[in-house]
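A.B. asks: Need coordinates for the following:
(chains A, B, C and D)
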There are 2 protein chains.
Amino acid sequence: MEKVTIKDVAREAGVSISTVSNALNDVDVLNPETKSHVLKIAKQLNYVPNLNGKLLRNGKTKMLGFFTTSVAGPYFYKLVESMSRECDRLGYGLNVFVTKDKQVIMSNILGRRVDGVIIYEELRIDEEEIAAMVKDKIKAVFLDRPLKNETMGSVIFNSFESAYEATKYLISLGHKKIAYISGVDEMYDSVQRKEGYLAALRQYQLPTNEEYIIQGYFEEESTYNAIKSLVHLSPEKMPDAFLAGNDLSAIGCIQALKSNGYEVPLDISVMGFDDIDIAQYFSPPLTTVRNQIARQGILSINHLVRMIQKKEQGEMMKLPGELIVRGSTQVKIDRY
Amino acid sequence: MEKVTIKDVAREAGVSISTVSNALNDVDVLNPETKSHVLKIAKQLNYVPNLNGKLLRNGKTKMLGFFTTSVAGPYFYKLVESMSRECDRLGYGLNVFVTKDKQVIMSNILGRRVDGVIIYEELRIDEEEIAAMVKDKIKAVFLDRPLKNETMGSVIFNSFESAYEATKYLISLGHKKIAYISGVDEMYDSVQRKEGYLAALRQYQLPTNEEYIIQGYFEEESTYNAIKSLVHLSPEKMPDAFLAGNDLSAIGCIQALKSNGYEVPLDISVMGFDDIDIAQYFSPPLTTVRNQIARQGILSINHLVRMIQKKEQGEMMKLPGELIVRGSTQVKIDRY
DNA sequence: TATTGTAATGAAAACGTTTTTATGTTAATT
DNA sequence: AATTAACATAAAAACGTTTTCATTACAATA
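C.D. replies: Numbering: from 1, shown residues only, chains lettered A, B, ... in the order given. Predicted structure coming up:
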């Protein structure tokens, strides 16, 4: 019972290979009796078509590739899960490649192992490579990187707007000295958030202050250290609110403040970004902006499949954030 | 520049297809000059071999499949990440299938889309199916399900021992009325943990009490409700320590206790299982048992690849847990 | 010089499908 | 009765590789 092929089924059923193929693929040119007979035999022999043969023949793999530098962390598992489910629903398989090696991507794409790809921003495919991919008509959707052309689209978060709204919220609480804890300057999202923050300050005629833009690198520890070195400011210069580039940063910030005798949110409000699982359990529970990660996953797969099947053009989609108010922010109290 | 095949390279280089193939695959029967010429042309044309052709020909896909019901939660992302990296290192791709449909698995395995599979316990492949897979010489590694035969191995956690040690630790703190919050009775891990707990009680001649085994279903909310209905016990019957089947259960338990005026760990110690990310941020930070998830991922891939390449037999590997002491447990204080 | 050996390359088969085209029956039309 | 239509099935080509086997050219040997 090594491996049973379509040939075996044909022989056993006493028909030709093409008849078996037609029976299995529901091409209705067959006598119903023949068809059901073939199907019965196929089941009897436990026949399962060899995908490589199938795919070689019709050039499609029914596989999508997801290329990313990591799948660690709450962002990714929500993303992977939603993409995976959507693939399932649409009859595709999802191939997850965790790699920093762009070569891997290219050989997989060009080797036709996948029909299309989702690429996470951090891989930083450069313009030249993108042009080459377009020329080869490779279908791709980029996450967290704005892009749109013949064969490629993107699904990104409206980080500018989200940061703008978050800052506006802090201002509405009465805060005036609002600091921003920045992420990684090479990442689109990070930059957008900073811009949104600055725009809100300008809008409400609050001064923007270089000292109030702190490098936190999206990490708890870096932020902790950065805030620690800030804490020596004289009280009147100390920010009364922090907008962190992500939740981990917010956590690091709060811990640094706590360890220096500040109470959050009593003395200082702190906001995060992302609404990771930890956010609601942290003490105080984090006020944050939630991104629709699952939606990003679903939309990206959907868009990719539409490009593949319906030859649609690439589009750029922006998803709005959602303000989640919890316990790490409160109305500004003047303690004089 | 549609798709360039080996034929195009051959034509362009003025040699035969087989020569191109030999050049590309480093079969050294060729005149070095021919070889380098062919290689140059191939690069020039941007040739990338079509994997389907390749794989159809030699029957291997260099792909492993991971089949699971979910990738959500901290357990899975650690697992997927470690597996993915290990695959990368060994020159395999990892195909993640999130599905409850066993049919999907079978057709992918039997359709030779993957060379071997990692299967997460929850899919509950039954004995009969396993026998069929063995007969077809399908290489598989099961996670969290003990198994070992010709072509299949498993990597599991030593949950019995872990629970035994955890319980022993609670006993060492002076607790005598220790309750266990059980998970899902159909899962191997869950059962093992309960058995370990019971074994420790017996070992130290503490009574085992049916009332002290609570159904928490590995969920925060279920546990919360279960504990709520327990809380009416008279003080002398109330447990002085809880061992929860996982961290989420521990969190639900603590929240239920808190909301009824108990202080953790002052009045009651609570332990979890798994050491999820939230554990260290929760208040109080959770004492728990950490499983070596990444190690499980790496070992499983390794074992699978060895079975595929070296025709090794299946093995069963057990990974020990690690006690992480934090703030949700303390020495028993008698308040009389 | 005629034979054999060696090195390099090419031709063709095979992997397992799907699909196009051909073939053979039987029924319907003239 | 002779042609055509319709239907059912079979044969063969194609997808892009790798690999086995055959061919060629030339050098080495007898």
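
A.B. asks: hey, let's count contacts and neighbours off CA atoms from now on
C.D. replies: Fine.

A.B. asks: next one: the helix or strand harbouring residue A:109 to chain centre, how far?
C.D. replies: Element membership of residue A:109, judged by DSSP states H and E, is helix A:102-110. Mean-position distance between helix A:102-110 and its chain equals 20 Å (CA atoms, centre = their mean, to the nearest Å).

A.B. asks: can you check stretch A:116-125 too?
C.D. replies: So, by CA atoms, centre = their mean, the centroid of stretch A:116-125 is 10 Å from its chain's centroid.

A.B. asks: got the buried residues for it?
C.D. replies: A:116-122 (16 or more other CA atoms under 10 Å in any protein chain shown).

A.B. asks: first to last residue in that stretch, what's the distance?
C.D. replies: 15 Å (CA to CA, to the nearest Å).

A.B. asks: Mind listing what's buried along the worst-scoring helix or strand of chain A on mean pLDDT?
C.D. replies: In chain A, the helix or strand scored least confidently by mean pLDDT, DSSP states H and E is helix A:102-110, which has a mean of 74. Judged by neighbour count using 16+ other CA under 10 Å, the buried positions of helix A:102-110 are A:105, A:107-110.

A.B. asks: which helices and strands sit right next to the helix or strand following the helix holding residue A:109?
C.D. replies: Counting by DSSP H and E, the next helix or strand C-terminal to helix A:102-110 is strand A:116-120. Helices and strands touching strand A:116-120, by 3 or more CA pairs under 8 Å, 6 or more residues apart in numbering or on different chains; DSSP states H and E, are strand A:63-68, strand A:140-143, helix A:293-310.

A.B. asks: Parallel or antiparallel, list what pairs with strand A:116-120.
C.D. replies: In the sheet, strand A:116-120 lines up against strand A:63-68 (parallel), strand A:140-143 (parallel) (DSSP bridges).

A.B. asks: what's the most buried one of those strands?
C.D. replies: strand A:140-143 (a mean of 27; mean count of other CA atoms under 10 Å in any protein chain shown).

A.B. asks: just how off-centre is it within its chain?
C.D. replies: On CA atoms, centre = their mean, the centre of strand A:140-143 falls 9 Å from that of its chain.

A.B. asks: Can you name the residues in contact with that strand?
C.D. replies: For strand A:140-143, contacts defined as CA atoms under 8 Å, 6 or more residues apart in numbering or on different chains pick out A:116-121, A:151-156, A:300-301, A:303-304, A:314.

A.B. asks: how far off strand A:116-120 does the helix holding residue A:109 point, in degrees?
C.D. replies: 160 degrees (axes from the mean of the first three to the mean of the last three CA atoms, to 10 degrees).

A.B. asks: do helix A:102-110 and chain B meet?
C.D. replies: Yes. Helix A:102-110 reaches chain B (CA under 8 Å from any CA of the partner chain) through A:107, A:110.

A.B. asks: from the stretch 151-300 of chain A, which residue is nearest to DNA strand C?
C.D. replies: Minimum separation of the stretch 151-300 of chain A from DNA strand C (CA to the nearest atom of the strand) falls at residue A:151, amounting to 23.7 Å.

A.B. asks: how close does that residue sit to DNA strand D?
C.D. replies: Residue A:151 is 20 Å from DNA strand D, where distance means CA to the nearest atom of the strand, to the nearest Å.

A.B. asks: Show the contacting residues for that residue.
C.D. replies: With the criterion set at CA under 8 Å, 6+ apart, residue A:151 makes contact with A:134, A:137-140, A:307, A:312-314.

A.B. asks: Out of the residues you listed, which end up buried?
C.D. replies: Buried among the contacts of residue A:151 (16+ other CA under 10 Å): A:134, A:137-140, A:307, A:313-314.

A.B. asks: Now do the closest residue to residue A:216 other than its chain neighbours: how many residues are near it, please.
C.D. replies: Distances taken as CA to CA, 6 or more residues apart in numbering or on different chains place residue A:223 nearest to residue A:216, at 4.3 Å, with adjacent residues excluded. Applying other CA atoms under 10 Å in any protein chain shown, we find 28 residues neighbouring residue A:223.

A.B. asks: Pull up the per-residue confidence for residue A:223.
C.D. replies: Note for residue A:223: predicted pLDDT of 96.

A.B. asks: hang on, it in a helix?
C.D. replies: Yes. The assignment for residue A:223 by DSSP: H, G, I helix; E, B strand; the rest coil puts it in a helix.

A.B. asks: Assess the claim that it and residue A:255 are in contact.
C.D. replies: No. Counting by CA atoms under 8 Å, residue A:223 does not reach residue A:255; the two are 9.5 Å apart.

A.B. asks: Find the residue closest to the one residue in the stretch 101-250 of chain A that gets nearest to DNA strand C in space, skipping its chain neighbours.
C.D. replies: Residue of the stretch 101-250 of chain A nearest DNA strand C, by CA to the nearest atom of the strand: residue A:112 (14.4 Å). Closest residue to residue A:112 apart from its sequence neighbours, by CA to CA, 6+ apart: residue B:50 at 6.1 Å.

A.B. asks: ok so, going back, the least confident helix or strand of chain A near DNA strand D at all?
C.D. replies: No. Under the criterion of CA under 7 Å from any atom of the strand, DNA strand D is not reached by helix A:102-110; the shortest gap measures 9.4 Å.

A.B. asks: Around DNA strand C, pick out the residues from the stretch 51-200 of chain A.
C.D. replies: Going by CA under 7 Å from any atom of the strand, the residues of the stretch 51-200 of chain A near DNA strand C are A:51-54, A:56-58.

A.B. asks: Which among these count as buried?
C.D. replies: A:51-53, A:56.

A.B. asks: ok, and of these, which contact DNA strand D?
C.D. replies: Near DNA strand D, by the rule CA under 7 Å from any atom of the strand, you find A:53, A:56 out of those.

A.B. asks: Can you show me the strands along chain A?
C.D. replies: Using DSSP state E, the strands of chain A run over A:63-68, A:93-98, A:116-120, A:140-143, A:152-157, A:178-182, A:213-215, A:241-244, A:269-271, A:288-290, A:316-319, A:322-324.

A.B. asks: could you redo those strands as TSV and give each row mean pLDDT?
C.D. replies: TSV is the format used below for those (pLDDT from 0 to 100):
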stretch	mean pLDDT
strand A:63-68	90
strand A:93-98	82
strand A:116-120	93
strand A:140-143	96
strand A:152-157	96
strand A:178-182	96
strand A:213-215	95
strand A:241-244	97
strand A:269-271	97
strand A:288-290	96
strand A:316-319	96
strand A:322-324	96
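
A.B. asks: Highest mean neighbour count out of these?
C.D. replies: The most buried one of the strands of chain A (mean count of other CA under 10 Å) is strand A:269-271, showing a mean of 30.

A.B. asks: who in chain A is up against DNA strand D?
C.D. replies: Contact residues (CA under 7 Å from any atom of the strand) of chain A with DNA strand D: A:14-19, A:29-32, A:34-35, A:53, A:56-59.
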